[in-house]
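1. sharing a model prediction with you, sequence too.
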Amino acid sequence: MHRKIINLALPSIVSNITVPLLGLVDTAITGHMGEARYIGAIAVGSMLFNIMYWLFAFLRMGTGGMTAQAYGRKDFDEADLTGLRAICISSLIGLAIIVLQYPLLHLAMWFIAPDENITQLVYSYCYICIWGAPASLGLFALNGWFVGMQNTKIPMIISITQNVVNILTSLLLVYWLGMKIDGVASGTLIAQWAGFFMGSFFFLKKRREIPSDGNSRVSLSCIFEPSAMKSFFTVNRDIFLRTLFLVSVNLYFVVAGAKGGEIILAVNTLLMQLFILYSYIMDGFAYAAEALCGRFYGAGDNASLKETIRKVFYWSIGLTAIYSIVYGFGGLDFLRLLTNEESVISASEEYIFWAILIPISGMVAFVWDGVFIGMTMTKGMLSGTFVAAIVFFITNFSLESTLHNHALWLAFILYLAARGVTQSVYWHMKKIKV
């Protein structure tokens, strides 16, 4: 079982590590265009798409859990239909975003209200990248399907390829054709569609390899069969609402930090990188839990399900201990790699102990998220995030006048812990037999 967990977790970890590379390259390219406003425009535009696509993360999660259960039952026709259904739905949502791009982007820009110097640049970036919505959302569905089919290597290959394509095309368009921000946006767009077409190729290849009962059920009536659609949207509705709570907490964390001034905002941004670094590893094990728990739950193999949960927790506890120790002794040294601003480093010393608590408070929630997604226990995930969001806002609003930025970090730590505690209670209340 340890080998199965590692074989699924490692490719996902590699995929996660490639994500920041994309942002770093885009920042580096825009940083050499001669004007600071290009960096700001890319930052705002990227944030808009990150939030929008994050809201539709259910396309990956729900597809992964439902496919894994069908795989465990050896119902490969249902696994096939789940993938096709998710791809069709994601494509329709992507097309709707394109059709509604003007009101959506104007509303977003009204809400963010960026500096006038970068507003037009942000629009230029967004009006190009928006055409990648069907590809990006379609790739969510494809990656979820591959995870459900116990294959995390293909998503890793796609992620690496996307980054290479993005880097090469952006450099070509910006420095050879002189397209500036339009070149960066076009490079991103080309990479999105390259990833989707690559994922589609592997999807079609995999479909030919999996067994079938011989019945040709692939038709629009089967894909959009009412009871199947109801089940799909019931599962994904809970994940969507959960994501709204996650987004609200993360956005407020940034806004509240900004109120403390540029130094506090910089400190919080740097310390949050420690949480992101931890999440890269833990997400890999959550994906492994998702794939295996969904498979064994679908197969009715309670012994293997119990063993998977126990061993994923073992790995997570060990990694959490390592992270906390490393952050405790080397957290400030890591921050020095990210900035040479001594005023920010000095201010960070007062808050670095919160970084030590990040892995400890967040570990349980990461593991349960993977387990719950695999078993499509989405109400448990929604309940955990709802309770945790309430804890976050009550804690911060109650203490911010006295503890200031420490109240924000305390609220965030309690938020992470509350997610794990609530999901643990939900698990035992449901008396899941494993």
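-> Yep, it's here.
2. now L8: closest residue in space that isn't a chain neighbour?
-> In this structure, L8 finds its nearest non-sequential neighbour in A288, 3.8 Å apart by CB to CB, 6 or more residues apart in numbering. Any C-beta I mention is one placed from the backbone N, CA and C, and that applies to glycine too.
3. what's the spacing between the helix or strand encompassing the one you found and its chain's center?
-> Assigned by DSSP states H and E, A288 falls within helix 262-299. For helix 262-299, the gap between its own C-alpha mean and the chain's C-alpha mean amounts to 8 Å (CA atoms, centre = their mean, to the nearest Å).
4. could you say what helices and strands it packs with?
-> Helices and strands touching helix 262-299, by 3 or more CB pairs under 8 Å, 6 or more residues apart in numbering; DSSP states H and E, are helix 2-30, helix 58-72, helix 133-148, helix 226-259, helix 302-338, helix 342-348, helix 352-374, helix 405-429.
5. now these in TSV, please, with extra columns for mean pLDDT.
-> As requested, these are arranged in TSV below (pLDDT from 0 to 100):
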stretch	mean pLDDT
helix 2-30	71
helix 58-72	86
helix 133-148	91
helix 226-259	82
helix 302-338	85
helix 342-348	76
helix 352-374	90
helix 405-429	93
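6. now distance to N163 too, for those helices, in CSV please.
-> Below are these laid out as CSV (distance: least, CB to CB, whole Å):
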stretch, distance to N163
helix 2-30, 5
helix 58-72, 18
helix 133-148, 13
helix 226-259, 24
helix 302-338, 20
helix 342-348, 29
helix 352-374, 24
helix 405-429, 29
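7. of the ones you listed, which is nearest F275?
-> Of all the helices and strands packed on helix 262-299, helix 352-374 sits nearest to F275, with 4.9 Å by CB to CB.
8. buried residues in the helix or strand that the closest one is followed by?
-> Next helix or strand after helix 352-374 toward the C-terminus (DSSP H and E): helix 378-403. Buried residues in helix 378-403, defined by neighbour count with 16 or more other CB atoms under 10 Å: 378-389, 391-392, 395-396, 400.
9. quick one: A288 and I5 touch, right?
-> Yes. Assessed by CB atoms under 8 Å, A288 is found in contact with I5 at 4.7 Å.
10. residues shared between the contacts of the two?
-> Counting by CB atoms under 8 Å, 6 or more residues apart in numbering, the residues touching both A288 and I5 are V312.
11. neighbour count for the two, which is higher?
-> In this comparison of A288 against I5, neighbours counted by other CB atoms under 10 Å, the higher total goes to A288 at 29 against 20.
12. who's in contact with the more buried one?
-> Going by CB under 8 Å, 6+ apart, A288 touches 4-6, 8-9, 12, 152, 312, 370.
13. now those residues in CSV, with distance to S279?
-> Rendered in CSV, the data for those read as follows (distance: CB to CB, whole Å):
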residue, distance to S279
K4, 22
I5, 18
I6, 18
L8, 17
A9, 13
S12, 12
T152, 16
V312, 15
G370, 12
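14. quick one, domains of the protein?
-> Residue ranges of the domains in the chain are recorded as 1-224, 236-434, according to automatic domain parsing.
15. pipe those domains into a markdown table and attach distance to K230 per row.
-> A markdown table is the format used below for these (distance: least, CB to CB, whole Å):
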| stretch | distance to K230 |
| --- | --- |
| domain 1-224 | 11 |
| domain 236-434 | 10 |
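16. so what's Y415 closest to, chain neighbours aside?
-> Nearest in space to Y415, with sequence neighbours left out and distances taken as CB to CB, 6+ apart, is F392 at 3.8 Å.
17. and for E349?
-> Counting by CB to CB, 6+ apart, E349 lies nearest to L332, which is 6.6 Å off, once chain neighbours are set aside.
18. that neighbour reaches Y351, doesn't it?
-> No. Counting by CB under 8 Å, no contact exists between L332 and Y351, whose distance comes to 10.5 Å.
19. these two: who's more crowded?
-> Here L332 and Y351 are compared on neighbour count by other CB under 10 Å; more neighbours surround Y351, at 18 against 14.
20. low-confidence stretches in the stretch 151-300 of the chain?
-> Judged against pLDDT under 70, the low-scoring parts of the stretch 151-300 of the chain cover residues 211-221, 258, 262.
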